[in-house]
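> Pasting a predicted model and its sequence here:
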Amino acid sequence: MNNGGIPVFGTGGYMTSVDECLYDGETTFIGRKGSINKPFYYNGKFWTVDTLFYTHSFNGITPKFTYCLFQTINWLKYNEASGVPSLSKDTIEKIKINIPGLEEQNKIAKLMFALDERITTQNKIIEDLKKLKSAISKHLFSRKDLLETTIRLADIATLKNGYAFQSSKYDTKGKWKILTIANVSGERYINDDDCNCIINLPNDIQAHQVLKEGDILISLTGNVGRVSLCKAGNNLLNQRVGLLCITKNVNQEFLYQVLSSRRFENSMVACGQGAAQMNIGKGDVENFVLPYSSNANNIHLVARILHSYDECIINEQQELTLLTMQKQYLLDQMFI
């Protein structure tokens with residue numbers, strides 16, 4: 001087998017291309033190991049690695065409807081391993097399902113695939129907006145007529161670390177959310193959907209570790225250099241998440257826009273140390289050199305332009321969320 005034009009898929013999706021095919025036609029893939037809960041549809045020639053199952057030889061069920069059906073199954077419920085999630089062919093074939101007639105299958109599949117296409121388009125809109133904003137920010141930050149000088153981050157801000165919370169204190173009934181590096185995704189606002197909680201604040205917690213809306217957070221471990229703003233709420237700063245505390249009268253939106261740029265993240269990655277997991281420190285962040293201006297109007301203009309793109313992106317992301325919820329609702333209703 002040599003390099004070619006036929007895709008090879010694994011549980012994570014496309015891997016490489018070869019010159020031979022295992023199957024040619026419509027299919028739904030489902031992971032055998034690893035990501036066992038993310039089925040995906042394909043039509044054409046392909047090859048798979050041994051961690052991925054594919055459907056074929058359809059009898060009384062259409063390929064597209066099979067994909068719709070697979071999305072309604074809680075595959076993790078059928079996990080057969082304590083470590084890496086795993087499925088077996090025997091387990092899959094024993095799952096009992098209800099199948100409508102072919103005409104109804106085609107109607108359901110047509111609707112769901114149309115919705116999937118709309119979701120794909122919406123993702124593309126968001127991706128293109130992010131690329132556009134990145135290009136514009138790069139242009140603005142390089143304009144000497146707007147930002148005529150540079151300063152070190154340490155000249156206007158200091159980085160403070162989070163608290164080492166004890167896992168034994170975690171309680172799902174707690175009102176205080178602990179923000180970790182996983183919550184700093186690089187989107188404008190933190191993702192606080194999945195947080196450990198505590199009921200009472202530790203006696204020795206510092207004031208800056210109780211976060212405020214709009215605080216600038218930076219990931220210091222793993223995907224270093226990612227920046228997000230804190231949302232309103234009862235949020236706490238965990239260790240290895242940095243809080244940027246502004247020490248001078250600086251436009252906070254401008255500072256966020258500079259630090260959320262690709263240039264800052266790349267700079268932090270270049271500073272990163274550690275074999276198993278990358279880490280950066282206080283000095284790495286505070287020594288970052290950023291474009292600046294003595295003219296407050298120029299600073300405000302750059303911040304306002306880039307913030308307007310963030311608002312557009314957030315609006316489109318909200319539309320994507322609504323579409324995804326609509327799809328899930330329809331799947332739930334169709335397969336009661």
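Arrived safely.
> Which other helices and strands does the helix or strand containing Ala135 contact?
Counting by DSSP states H and E, the element that carries Ala135 is helix 102-142. If contacts are counted by 3 or more C-beta pairs under 8 Å, 6 or more residues apart in numbering; DSSP states H and E, helix 102-142 sits against helix 63-70, helix 262-271, helix 296-334. Placement of C-beta: from N, CA and C, glycine included.
> Let's see that with 6 Å instead.
Applying 3 or more C-beta pairs under 6 Å, 6 or more residues apart in numbering; DSSP states H and E, we find helix 102-142 packed against helix 63-70, helix 296-334.
> out of these, nearest to Gly174?
helix 296-334 (26.2 Å; C-beta to C-beta).
> angle of that closest one against helix 63-70?
On the basis of axes from the mean of the first three to the mean of the last three C-alpha atoms, to 10 degrees, helix 296-334 is oriented at 100 degrees to helix 63-70.
> Tell me the buried residues in helix 296-334?
By 16 or more other C-beta atoms under 10 Å, the buried positions in helix 296-334 come out as 298-299, 302-303, 306, 309-310, 313, 316-317, 320, 323, 327, 331, 334.
> got it, and stretch 274-287?
Met278, Ile280, Asp284, Val285, Glu286.
> what's that stretch in contact with?
Contacts to stretch 274-287, defined as C-beta atoms under 6 Å, 6 or more residues apart in numbering, come from residues Leu153, Ala154, Leu159, Leu220, Thr221, Gly222, Val224, Met268, Cys271, Gly272, Gln273.
> end-to-end on that stretch?
Stretch 274-287 has an end-to-end distance of 19 Å (C-alpha to C-alpha, to the nearest Å).
> Centre-most residue in this structure?
Ser185 (6.2 Å; C-alpha atoms, centre = their mean).
> Report the secondary structure state of it.
On the three-state scheme (DSSP: H, G, I helix; E, B strand; the rest coil), Ser185 is labelled coil.
> How much space separates the nearest residue to it once chain neighbours are set aside from Phe40?
Nearest residue to Ser185 in three dimensions, chain neighbours excluded: Asn191, at 5.0 Å (C-beta to C-beta, 6 or more residues apart in numbering). As for Asn191, its distance to Phe40 is 23 Å (criterion: C-beta to C-beta, to the nearest Å).
> before we move on, what about Phe65?
Distance, Phe65 to Phe40, by C-beta to C-beta: 15 Å.
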